[in-house]
Every structure is written in C-alpha cells, then in structure tokens.
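Engineer: Quick one: sequence plus predicted model below, questions after.
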Amino acid sequence: MRDVLRHHLFWPVAALVALLVANTVARPGFLAVTVRDGHLFGAPVDILRTTAPLLLVALGMTLVIATRGIDLSVGAVVAVSGAVALSHLASAPDPAAPGTVLTAIGLALALCLVLGVWNGFLVSVLGIQPIIATLILMTAGRGVAMLITGGMITTVNSAPFKVLGSGFWLGLPTAAVLAFGVFAVVAYVVRRTALGMLLEATGINPAASRLSGVRSRTLTWTVYAASGLFAGLAGLLISADTMAADANNAGLFIELDAILAVVIGGTALSGGKFNLSGTLVGALVIATLERTVTVLGISPLVTPLFMALVVIAVTLLQSPRMRERLTAVRRRPTTGAQRPAARPDPTEVTAG
Amino acid sequence: MTTSAPARWTAALPVRLDRRYLPVLGTFVVLALMLVVGGTRYDNFLTPAVVSNLFINNAHLVVLAVGMTFVILTGGIDLSVGAVLALSTVVTAALLQAGWPVPVVLPLAVGVGTVIGLAHGLMIHYFQVQPFVATLAGMFFARGLCFLIAPESIAIGDPAFVGLASWVQIAGQWRMTSSVLIALIVLGLAFLVLHLTRFGRTVYAIGGGEQSALLMGLPVARTKVLAYVVSGTCAGLGGLLFAMYSRSGYSLTGVAMELDAIAAVVIGGTLLTGGTGFVLGSVLGVLVLGLIQTIITFEGTLSSWWTRIVIGVLLLVFVLLQRALSLRRT
Amino acid sequence: ASDAGSGTGGGGGGGADDGVITLGFSQVGAESGWRAANTKSIQDTLTADNGFDLKFSDAQQKQENQIQAIRSYITQGVDVIAFSPVVETGWDAVLQEAKDAGIPVILTDRAVDSEDESLYESFIGSDFVKEGQMAGEWVVDQYDGEGYKVVELQGTTGAAPAIDRKEGFESAIEGSDLEIIDSQTGNFTRAEGKTVMEGFLNKHDDIDLVYAHNDDMGLGAIEAIEAAGMTPGEDIKIVTVDAVKDGMQALVDGKINYIVECNPLLGPDLAEIAKKVVAGEEVEKRIVVEDQAFDQEAAKEALPTREY
Amino acid sequence: MTQQTPPPVVEMTGVTVEFPPVTALDGVDLHLRPGEIHALMGENGAGKSTLIKALTGVYSPTAGTILVDGAEHRFSGPADARAHGISTVYQEVNLCENLTVAENIMLGAEPRVLGGLNWRAMRRQAAAHLRRMGLDIDPASSLGSHSLAVQQLVAICRATVGDCKVLILDEPTSSLDADEVAHLFAVMRSLRDEGVAILFVSHFLDQVYEVSDRMTVLRNGGLVGEFVTADLPAAELVQHMIGRSMDVLEAAEEAAERAERPAGATPLLQVVGLGRKGSVQPFDLDLYEGEVVGLAGLLGSGRTELARLLTGADRADVGQARVSGRPTRLRNPRVAMGHGIAYTSEDRKGEGVVDGLTVRENIVLALQAERGWMRPLPRRQVDELVAGYIERLGIRPADPEALLRNLSGGNQQKVLLARWLATAPRLLVLDEPTRGIDVGAKAEIQKLVAELAADGMSVVFISAELEEVLRISHRIAVLRDRRKVAEIDGDGASMDRVVDLIAGGGAA
Ligand SMILES: Nc1ncnc2c1ncn2[C@@H]1O[C@H](COP(=O)(O)OP(=O)(O)OP(=O)(O)O)[C@@H](O)[C@H]1O
Ligand SMILES: Nc1ncnc2c1ncn2[C@@H]1O[C@H](COP(=O)(O)OP(=O)(O)OP(=O)(O)O)[C@@H](O)[C@H]1O
Ligand SMILES: [Mg+2]
Ligand SMILES: [Mg+2]
C-alpha cells in the first residue's frame, strides 16, 4: 500500500479515476462503450480521440523540458500544419486522391519539422533562452498560418484525410491509434536506447554533460525538431477532426495544456528526470477534465474556477510535502527524518 | 553553472566592463537603434508625443514587468499576472459601480493581487508546487473570479477616479499621466529594494542557487514567498493602472499579457534560470515591445497576419542583436 | 517630423485638401473568418482609387493595442479614425483626445458604452441582441409546443456578441415551451464546438436543437452529431448566427436549419459615412446594418453569390 | 585530564538520522567545548557531514538530543543556527556564484546606512576579512569568476563574520594548498584562543594532528569514540576509522610508488605552444604512455587551465597538438575523448556530478556518450561494469540505483573517477582526484593510478598535496603565474627543489 501511495503516478491516476467517477455519478452510462458498425463508440472513446493531439504535443514538450527547455510555439505549429495541409488539399483538383492527401501530409510535416529545427537552432546554436526563442515562432507562426489561409477558415472535403481525425482503425479512432502509437514508439526508443539518460544528463548538469562528451547541442536541437514534428502531426489530427484549418484558433493555448500535462505527470520544469508515462496520464486527465466540465454542466462562468481548483488539488496532493504527510500517517513514527526544507530542488518530485 | 566557465576567463581581462551589464546595454543600444531607424523611416515618429505615448500606453506593463522581475530573479515564473490584472480592473470597476469610495477601492484592488501572490508563494514554497503550475492555477482562478464578478465590461464613471486617471501634465509636447508617474515610482522602489536591501540581495541569491542560499543561512522561505507577493501586488497595481488607462473593468483584459511581461523581462537581459538581471532592463524590454507595436501602427499597411510575422521578425532581430552585443567580449 | 508640433491640433483638416481621405482603421484582430471578411471588405473598399489612404492596424484582440493605435493615428494626424472596439467600455479618454484634435471617429461592428455620444460621429454595425432574438423567434415559430430541449453553444465567455446573442435568444423563447437544458462555451471555434457538443451528446439523450452563437461552432456540432451516428438538421436541429459561406453550404445541405446573418461587409457603408463626415455633412448616429436570416430555401438562392 | 574542562557549548547525545532505508547516523554523541579545535574523523560516508547537518537543522534527527549552552535546541535551519552563534561551512562550496564576493561574505550581517545596504562599508569589511585569510581579490568581483579554492576561502570568511561561538568547517582544506592551509590554521587558532569552539573535518591526518585538540571518530554512522589528539597515535586513529589495521594501507602506499617508466616511444600527446588568452601562457608538453606527469604550482598558478586546454574543455587560441604524432585540434571534450583523452574536473559539483541521476547512470555516462545514444550498452555489461567499480573503489552505499546527490562527497568523487576509468582512456587527466577522499581510499586511488600507468596509460595528475604528486609522478611540470616554468624528473625531485621552483624566488 505504501509503495502504491509513493508511486509517482499515484496522484495523477487518482485524479483521472476521480474525474471518471464524477462523470459516472453525473451520468451513469458515461463509461459505457458500444460497438456500432464495428467501431467503438462512447465517451471513453471520445476522450481517447480528443487526447490524441494533446498527447503528441505533450510528448514533444516532455523531451524539450527534459533538456531544461520549453517550447511555446507548438500551438502556432499546429496551426501552420493544418493550414498547409488543407490549403494544399483545397487547391488540388481532387482533394480525395490518395496522392494528394499524402503530399499534403508530407508537406505539412516537413514544414513543421523545419520550424522545429529553427527553434532548435536558436536555442542550441545561438544560445537564446528557450522561452524567448520559441516565443518568436509562437507570434510569427500564426501569422504564417494566416498568410497561408488568407485569414479565412479553409475547409475542404477529403474523405481519406478526414480519416485521420474522425476515422476508425480496427474499431478504434485513427487519431488515437496514431497518437498512442507514436507515443509508444518514442517512449520505447527513448527508454531502450541511451537517449533518455543523455537527455536527462543534459538537463540536469549541462556543463558536466559536455565534459563527459555528451552531444548536448545535437540532442537539444533534436528535441526541438521532434517537438515541431509532433506538433505538426497534432495539427493534422486537429484539422482533420473538423476538416477546417483555423489559423487563429487551432491549437490555441495547447502549449499550456501540454505543459500542464507534463507537470501533472510528475516531470519537473527545471529539467532532468522525465516521465513519459506520467505525461500520458497527464494528457488523459486534462482531456477528461474538459469533458467533465460539459458533463457536470458547469457554467462557463465558473469553468476556469473549477479548472483552477482541480489543478490546485492535484498539484498540492502531488507535492513532496503532502506526500510525506500522507505516507507519514501510514508509516508512523520512523518518518520525518528528512526535512524537505533541506532539499528544495523540485526535481525531487520525480525522485520518489 | 553554465555561466561560470566563461566567466573564469574574463575576470582577468584588462577591460573592466562588468559582463553583467552587457545584456542590458545591448538592449539599450538596440532600442536606440530602433528609434533612429523608426525616426528616419516614418514622419512624426521621433516626436515627444510618440515617446510620451510609449510610456502612457505601457505604464501597466512596466509595473507587471517589475513584479515579474522579482519572481524570475528567484528562478520562478508568474503566469497569473495577466489574469490578476484583469481581476483588479474588474474589482475596481465593480466596486466603483456599486458606489464605493475611491480611497477604499484602490487599496482593495491592489490587495486582491497581494493575496493571490501570497497564495502562490505559499503553494510554491511550502508545498513545493512548481511555480509554473501554481501560477497557472492562479491564472485560471483569477480569470474565474473575474467572470463570477462580472462577465461584461463595466465602465468606470466615478468622477474622482476619472479625475485621478486623466491627470495629464503637459510640458510642451511631453505628456504624462499619473499612471506613468506611479509606474516610475514603482520602478524606482524596485530598483532600491533589489540593490539596497537584504531582501533584494536574497532574491538574487536564491536565483543563484536556492540550496546555497539556504545553507548560507539566508531567509529563503520568507524571501521566496515575498517575491510572489511583490509580483501579485504589482499585478494588482497594474490592474489599477490599466483601469485608469481604459476607464473600465473587463474580465477578458490582459489575456496573454503575462507573456508580454515575461518577454519584456527576458529581453531586458534577465536569465529565466534566475539570479542575473536588472529591473531597469525589464523596463527597456517593455519599451522595446511597445516600440515594436508603435512601428507596426506607423507602418499602417500590414494585414493582420503580416502584423504578427513582423512582430516575430522584429523580436528575432532584436534578440539576435542583443545576443551579439552581449557576446562580443567573451 | 517638423510639423509634429501641431500634430494633435490641426491634422484633421489638412489631409483632406488634396481630396484623399486618410483614414486610420483599428481592427479587433483576425480571430475568425467573419473578421477576415470584414477586414477584406474594408481594405477593398477604402482604396486609393476610391479616394482613401487607409492606415490599417490589427490590435490582436487587445484593447491596449487599440487605444495605442488610435493615439498613434491622432499624432499622425489622419482625417478620420474608424475602429471596431474590442470592448464596449473604456474609450472616453482616447475619444476625447481625438475630439480635441478635431478628428472624427466612426465605430464599426461593435458599439461603445459611452455616455457622451458626441465623442463619435456614427456607429455602423449589427445588433447582436436582435440577432439572438431573430434566431429565437424562428425557433419558437417552428417548434413551439413540441417541448424541444435546446442546448446552446456560447461564444467566448464575456465577449459582447456572446452575451447579447444569448440574451436575445432567451428573451425570444420566453413563454414558449422550449427549454435550454445546457449551455457551455465553445469559444466561437469549430474544434471546441465539436468537443462541447460531444460532451452534450454524452450527457443528454434527448437533445432536439442546437443554438450556436456562430456558424463555426455549429459546424463543429454537425461533426459531433454525425460522429455519434445521428443526422444533423433532422435528428437534431441546428440554428446559428453569421451566415458565412461554409455555414450557408451546410444550410443548403440541410445540416443546418436556420441562420441569422451578421453582415461583415461594412466597407462600403464606412466609405460613404467617412466621406460625409469629412465633408462636414450630418450623419446618422447609429446605422444598424440590416441583417437577413436564411432558411434553406433562401440559402439556396443566396449561396452562389455569397462573397465570404 | 588535570585541567578544569569548561562545560561543552554543544552537546549532542544519541543522535540518529535516517534516510530510509539508510541509517546515516546511529546514536552518535558529540561534545564540543569552547576554546577547542575538535576534529571529526571518519571514512567517506561515515556520517560526518550528516552529523553537522543534523546539528544545524538541515536534517532533523529521528532521535537524540542537542544541547547548546545547556539548553535543548532543534534548529529550523542554518539561519536559525547562525542566529544562535553556530556558523557553518558545508562540504561543497555553498555560495552564490552570481553575487559578488563581498555579498557572499557579508549578506546576513551586512552594514547598513539609512536602512539600506551600505555597499562601500560592505566591500571594505569584506576586504578586511579576505585579507585575514590571506586573499587579495577584489570584493566587488563576482564569485563565479574565481577558482574553487578561492570560493572555498570566501566561504570560510563568511563563516567567521559576526560573532560566532561555534564554527563548523566541513573539509575546508580539501582544495587548498599549503600556504592557504597555514593561513586558515592561523585564523582557526586565533579564534580558538578567543574561546570559539571549532569543529573541523579533514581527511588529511597531518593537518588534524597539527591543529586539533580533541577528536571524535565515526565509522559507518556509528560512534567509535572521543579522543584527545595528543594521546592517539595516527596508526590507531586509522584503525578506528577504517576498522582494519594500518598494514592494509601501507601495502597500498607501497604499491602506489611510481613504477619504472617504459622507454620513450613517440609521445601519446604532444603539445607545442598551446595557450589561451587570459588563461595560460603558451607551453610545450609531451606525454608518454605509461607515464604519470604531475602538475605542481600554487593556488591559481594555472594547473586547472592547463589541464582544460589539454582535454578540449577549453579551446586553445594558439599552438598545436599531436596525438600519436598526428596533428589534431582539441576543439571540445568530445574530440579529445575520441583520441582517448579523459578529464575529471576539480569542480565536482559544477562540472562533475549529474546529481539527479543514479550511480549507475553517472558511471556509464561518458562511455555511453562516446558510443552514441543509438548503441546503448547492454544491461548486463553495465551491471557488471558498475558493480566492478563500486567494489574496486569502495563506493558506498554499494547501490547502483542510489541517486548521486544522496552520496557523501567522497563517494561522489569516486563515482566520477569510475566514470572516466570506464572509458578506458589512453590519457587520463585527473584534476584533484583525491579531493575529499579518505585516507584509505586515497591510497587506493594512488595505487590505481600507478597500476594504470604500469598498464600503459598516460596520466596527468594534479593535486594540492605536493607529496602525493611527488610520490607518484615520473615527471613534474611546475607552473607559476599561469606559465609553465620548469619540468623536472620525478626521480631527482626533492620536495625542497619543487617548492623552490613553485615559489620562484622572485625572478619569473
Ligand atoms: N539526503 C540523503 N539521502 C540519502 N542518503 C544520504 C543523504 N545524505 C547522506 N546520505 C547517506 O548518509 C551517509 C553519510 O553521508 P555523509 O555525507 O554524512 O558522509 P561523510 O562522512 O560526510 O563522508 P565524506 O567524507 O565523503 O564527505 C552516506 O552513506 C550517504 O550516502
Ligand atoms: N590566491 C588567489 N588570489 C587571487 N586570485 C586567485 C587566487 N587563487 C586563484 N585565483 C584565481 O583563480 C583562477 C583560476 O585558478 P586555477 O584554478 O586555474 O588555478 P590552479 O592552479 O588550478 O589552482 P587550484 O586548482 O589549486 O585552485 C585564477 O584565474 C585566479 O584569478
Ligand atoms: Mg562529508
Ligand atoms: Mg585547479
């Protein structure tokens, strides 16, 4: 029991469960999943699908944060991706032709990769602080997206492209399969190769890592590029969801959601140890939270207040101080040996 | 940390221009450059009116940036300032509308920010919640309170308040509002506090290494909490200034203004990792952002998207120039 | 920069002498397709050919940017200032400055909440409350007596169009047996419209009608309804405001049942009023653009010539 | 004892500190009397630093009492302890590099004027404190621009500011050279004579014998006993500390004597006129396989800088380098590593440990970085490698999964050594590798260096301890004022000769 409580995923998972319970109380059939035309339907499936883009963005964000960075531009990249893909489709004679769709996807992803590389260049080569380096693209990126769409919302009909957003694959939403698949592959690669450790070393002590021969610059560059690419993919999913490229609103504030997901998942923003499984849970919590607001019928006027309270509750429960209290209750007298005040380092969050 | 390695060598260089001032100096030089380029490119650009307006339009942002500087110097961040500013405008407008007297309303509006800042500080220090998250929650919270109090914008008609807000001093073309005066006073106070008090130096020490500051026996807990209180209070005051500026309270004011404040601080040469930077730099940062906006308006032919792209490009040019200038001497 | 000294004073008259009217326009932003159409209409009308020198600035939804832009226009000494206020309140000071400088001001799209009407020459735009009312009246007219359950997709919380369209709709359905069972913000966007509608569908089994504060959210709702295996426009009726092209197309396709127009093409009106104002003619204080409403028949006729 | 002993100013009894599952301190007593210098002795990881932190409230003990001046106290932290007259210099330099030297010394007891800091008085007072410690640096310069040793001295200055009745120094001498140590001891003695109680931790036995009056010995978190220094022979002390007899040590020290140097082939690394502006003057140096080259010099003489140029940690402005006869540019540490050149920095905290990673990850870091991320070391191999080094260097706790930040200073140093040994370099540049390492382990490391050289590795060895350098080096390069001034053969070198060269006798 103690080990369960001390596990780094305990509180995020508990929050997720609590939200699902709240939904089920408000709406008893909430968790029901039905099969229709061989596809799965129901609120949980919806949640998986809406989690997809956020998960991708949060994945890139986790890697960037591991190197002590941050990527504010993901929202803008999402917009660019959608704008490029849909504009290409819209200008093609037959938007439904597989070739056209593939070109559109390829173009969008390629451009987003370039944007990520650009961020990485500013941060790793020119040494500009990540928040400012990515703020530049955050501002200009949406402009670029609008330039591409001419400020209008570009809409198009293309069944194969639409599959990305609202199609199904083996009964599951394509978007979810894609995002969770990419996530799994990346998580596997990061953890099975030495990438994870080298990223963490770079994030914790850049000077020591450099002296140890870690290619910190290349690594940093790579994670920004990856973040751009994943945001681009997220942009495709988002634009395919409604088949519209909305340069202004697509991915608006997704960077905040992504960062929140990363943090709820137990990765410290100060860099170093990161936790991809936590990010996954974090993204699910946020997507479920959004759904909960609707299902509980919370008035738009108090929605932000409600979100704030949930976030505060989760983060407070997850805080080292609180954990210690809670485990202390269980372990009784022997605890309290280590005063947390002695180790204010926030990376402690991941240490437990 | 990372800065220590290059710093080793320069200590022995004969030229003794303190490296710490270079980023601020860089900002200043580029700011001057921008003014010159703007002046040659547009008519009526280098007039006292434009310069006065630069301050009048950005007084609230100056105050926000000053508060943000404290927090960033400790190595933290405060994402709530935009929302707290909005809350303060809404509180001001709602209370004035309800007929409360100005002398009561003003401290209340600022106090709202102080209380939220205190809550942030306590969460961050005593519960070790990461600043980003704690203040993000604070941002939602403040925004939520705004909507609860008044979703619609409320005009401020209170003559006393309006009188306070519209006090304009004209010396030739130079104009000033009381907001600018307040902002400058806040700036001066912040400068003094940061450089001449133990609290101020402890703020820097915490940014240099919280663990070290703690082992040095400095009052880390109090200082850290206080830094967020300062930022919250500044946000509250910023709200008041914004209410004077716009003579209204509106719950959607200041969306993403925290980014402007952060950008201003960072452009001013403060490191987000904490411990290095100057509050005067932050004000230069605000002026840079304001100037970019002014140039955009003077350009006058940009469509919405080009506006954003140009802002991005100017920001980039600025950051690159500043970076080049501050790297010169390594 | 030599004549800057008198900039705040006599700039107003000076520019018009050469027959070209310098007009400074401060747009809210580019937050929606509607806004883009509005901007395009203004930029296309106020051209040099039509005798205008347009100075355009985008405030990116920030009031402070807009105030700054207006101040800047005053110092630049334009002939007329026009703007779509981001917020209704808080303009007295800067409008007073414009008035002192002798520069007339025209409001477009959104009004300002000012006691002193002399601060601006004229307002051109739609009446959001009326739009909500029109939508509500049509719904009552069509479905009263059937106990319809309505869900509402609100615009951005706190934004004037959202507040007014909600109010107008509510007042219109008062007394009928229509009931708004749920209302949530979709932030005027398609994606959020879809997500919120999904939530509504998870939550309620008995939704009969969706009232969306703009077409985009309505289009998002269509996606959600289709994804849930129902037919939009039949199983669940949809009523929206705006009448942009995509919305009209959906209306023609039968996926939307009724759209109240909110006309973004304010350029020609603005040009006309600006010319009159500069010429010193009297203009009406409030020019409400006639908003049409379309049912499916009307949409079929209108769609081919739809510009935006 | 015949003399009347004053009552202890600090009395700790039965103090226990746990970091579950580790018990770092188990019922330890400590009596600290006014006017004495009290040495706290023990191997790496024995619990010395933990005892100090328990006293000053950084950790709160799970059991035991702490009496200060006869009254029970539980301090809430260093600030609180300081307010009660206990000032501490912790093991790693814990100052703020971004602040000026003056601030680092004076903050907390800063002179004021009109309620604000009085910068001028602050600088003046700081300068006075620095001078007392024999330091002549600008108080207005930023701390980060100084070498670790200077920072260490500044930290000590800080502790002696204001009136303190207890001064705790956790390994203050580990990065100081003889001169500085002498200065420090003078200061310590004068404070003692003023009645201050001083608790002193050091791994240098001769220093302990030179300066301390009494000592408390810890082993494995437990108390061995309290002794009067004069009554305890060194051999017995070591036995108390390591729980084994001295013979083991002596055997190790024997083995550490430099082996015969192999006949000179082409140098492994040859540098000609290598230098960097503001760092070291151009110098020539040949490094052969199987040879240990020691660098000797005073504090700040440029040993570290020279080492950094050899290993690509800093880029040289001028000069050439040849590896095995082939010209190359040591642009960065990676390039150097590619040539088999490894460098352990003297700045353990700043440039060595990756404290959020585990022992295992820290040990394999350099090796893994060299292989690239795509070729992860097989888990089995890693486990064997790590277990091997933990065993060989006596890293404690012997847990590969322990976070490095939870290891004692000396054990962290061993981990760093293991990191570089794991890469099997051809040239190993060790900058203060024995810093903070206990007697037993130090002998082990010296032995290791000798063995590595015998196996054909080339080693550059930097240490503040001249004897150590003399004992194991085949050749010694002497630096003065950032310039290489001499190169002498290890066999012919006597202590006096090297000291002469280091001091330079006036002429440059
Ligand atoms: N924060 C911590 N968490 C867990 N274990 C710790 C922590 N701090 C110290 N320890 C453990 O407590 C033991 C004692 O460490 P301490 O730092 O007191 O040793 P020390 O005697 O100072 O050694 P050294 O001479 O190497 O500095 C070590 O085994 C160490 O691993
Ligand atoms: N006693 C001192 N007084 C003033 N400055 C010093 C002193 N000692 C060192 N420094 C400063 O420290 C800097 C770096 O010295 P460095 O670390 O290279 O020397 P070192 O020979 O490696 O000595 P050590 O490793 O023993 O500290 C020098 O640039 C010098 O400015
Ligand atoms: Mg120790
Ligand atoms: Mg050195």
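Structural biologist: Sure, I can see it. Ligands and ions are numbered 1, 2, ... in the order given.
Engineer: make it CA atoms for all contacts and neighbour counts henceforth
Structural biologist: OK.
Engineer: Contacts only, for the residue lying closest to residue D:51 once chain neighbours are set aside.
Structural biologist: Nearest residue to residue D:51, sequence neighbours excluded (Cα to Cα, 6 or more residues apart in numbering or on different chains): residue D:25, at 7.1 Å. For residue D:25, the contacting residues are D:15, D:16, D:17, D:18, D:47, D:50, D:51, D:220, D:221, D:222, by Cα atoms under 8 Å, 6 or more residues apart in numbering or on different chains.
Engineer: Who is the last one paired with across the strands?
Structural biologist: Using DSSP bridges, the bridge partners assigned to residue D:222 are residue D:219.
Engineer: Now do the contacts for it.
Structural biologist: Contacts for residue D:222 (Cα under 8 Å, 6+ apart) come out as D:25, D:26, D:27, D:28, D:46.
Engineer: How confident is the prediction for it, by pLDDT?
Structural biologist: On pLDDT, residue D:222 comes in at 93.
Engineer: Settle this for me: residue D:35 is touching residue D:199, isn't it.
Structural biologist: No. Residue D:35 lies out of contact with residue D:199 (Cα atoms under 8 Å); the separation is 10.7 Å.
Engineer: what about the residue nearest to residue D:51, distance to residue D:62?
Structural biologist: Using Cα to Cα, to the nearest Å, residue D:25 is found at 10 Å from residue D:62.
Engineer: ok, now residue A:246?
Structural biologist: For residue A:246, the distance to residue D:62 - Cα to Cα - is 60 Å.
Engineer: More neighbours: the two, which one.
Structural biologist: Each of residue A:246 and residue D:62 has its neighbours counted (other Cα atoms under 10 Å in any protein chain shown); residue A:246 has more, 33 against 21.
Engineer: any idea how far stretch C:45-54 is from the chain center?
Structural biologist: What separates the centre of stretch C:45-54 from the centre of its chain is 23 Å, taken as Cα atoms, centre = their mean, to the nearest Å.
Engineer: swap in stretch B:64-76?
Structural biologist: Relative to its chain's centre, stretch B:64-76 lies at 8 Å (Cα atoms, centre = their mean).
Engineer: Just the buried residues of it, please?
Structural biologist: B:64-76 (16 or more other Cα atoms under 10 Å in any protein chain shown).
Engineer: For the residues you listed, give me a markdown table that also has pLDDT and distance to residue D:412.
Structural biologist: As requested, the buried residues of stretch B:64-76 are arranged in a markdown table below (pLDDT from 0 to 100; distance: Cα to Cα, whole Å):
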| residue | pLDDT | distance to residue D:412 |
| --- | --- | --- |
| B:64 | 97 | 43 |
| B:65 | 97 | 41 |
| B:66 | 97 | 41 |
| B:67 | 97 | 40 |
| B:68 | 97 | 37 |
| B:69 | 97 | 36 |
| B:70 | 97 | 35 |
| B:71 | 97 | 33 |
| B:72 | 95 | 31 |
| B:73 | 96 | 30 |
| B:74 | 96 | 28 |
| B:75 | 92 | 27 |
| B:76 | 93 | 29 |
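Engineer: how about stretch D:495-502, does it reach ligand 2?
Structural biologist: No. Stretch D:495-502 stays clear of ligand 2 (Cα under 6 Å from any ligand atom), getting no nearer than 10.9 Å.
Engineer: what's the model's confidence in that stretch, averaged?
Structural biologist: On average, stretch D:495-502 scores 86.
Engineer: Now do it: distance to the chain's middle.
Structural biologist: Remark: stretch D:495-502 is offset 23 Å from the chain centroid, using Cα atoms, centre = their mean.
Engineer: Extract the C-alpha set from the helix or strand containing residue D:448 and format it as CSV.
Structural biologist: Element membership for residue D:448 (DSSP states H and E) is helix D:439-454. Taking C-alpha atoms only, helix D:439-454 is exported to CSV below (Å, rounded to 0.1, in the frame of the first residue of the first chain):
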residue,chain,number,x,y,z
VAL,D,439,42.9,8.0,3.8
GLY,D,440,42.1,4.5,2.8
ALA,D,441,40.5,5.4,-0.5
LYS,D,442,43.2,7.9,-1.3
ALA,D,443,45.9,5.2,-1.0
GLU,D,444,43.7,3.1,-3.2
ILE,D,445,43.4,5.7,-5.8
GLN,D,446,47.1,6.4,-5.9
LYS,D,447,47.7,2.7,-6.2
LEU,D,448,45.2,2.6,-9.0
VAL,D,449,47.0,5.4,-10.9
ALA,D,450,50.3,3.6,-10.6
GLU,D,451,48.7,0.5,-11.9
LEU,D,452,47.1,2.2,-14.8
ALA,D,453,50.4,3.8,-15.7
ALA,D,454,52.1,0.5,-15.5
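Engineer: And whichever residue of the stretch 51-200 of chain B sits closest to ligand 1, its phi and psi?
Structural biologist: Closest residue of the stretch 51-200 of chain B to ligand 1, Cα to the nearest ligand atom: residue B:128 (17.0 Å). When read as degrees, to the nearest 10, the backbone of residue B:128 gives phi 50, psi 40.
Engineer: just residue A:107 next, same as before
Structural biologist: Per-residue torsions, residue A:107: phi -60, psi -50 (degrees, to the nearest 10).
Engineer: gap between it and chain D?
Structural biologist: Distance of residue A:107 to chain D, given as Cα to the nearest Cα, to the nearest Å: 28 Å.
Engineer: so what pLDDT did that residue get?
Structural biologist: Looking at residue A:107, its pLDDT is 97.
Engineer: can you check residue A:136 too?
Structural biologist: Here, the pLDDT recorded for residue A:136 equals 94.
Engineer: what's around it, how many residues?
Structural biologist: By other Cα under 10 Å, 23 other residues sit near residue A:136.
Engineer: Could you report the distance from the spatially closest residue to it that is not a sequence neighbour to residue A:132?
Structural biologist: Spatially, and ignoring its direct neighbours in sequence, residue A:136 is nearest to residue B:312 (4.9 Å; Cα to Cα, 6+ apart). Using Cα to Cα, residue B:312 is found at 10 Å from residue A:132.
Engineer: can you check residue D:444 too?
Structural biologist: Distance from residue D:444 to residue A:132, by Cα to Cα: 50 Å.
Engineer: out of the two, which sits in the more crowded spot?
Structural biologist: Ranked by neighbour count (other Cα under 10 Å), residue D:444 and residue A:132 place residue A:132 first, with 27 against 22.
Engineer: Okay, and the more buried one sits in which element?
Structural biologist: Per DSSP H and E: residue A:132 is located in helix A:130-149.
Engineer: Now do the SS call for residue C:207.
Structural biologist: For residue C:207, the secondary-structure state derived from DSSP: H, G, I helix; E, B strand; the rest coil is coil.
Engineer: Just give me the neighbour total for it.
Structural biologist: By other Cα under 10 Å, the residues close to residue C:207 number 19.
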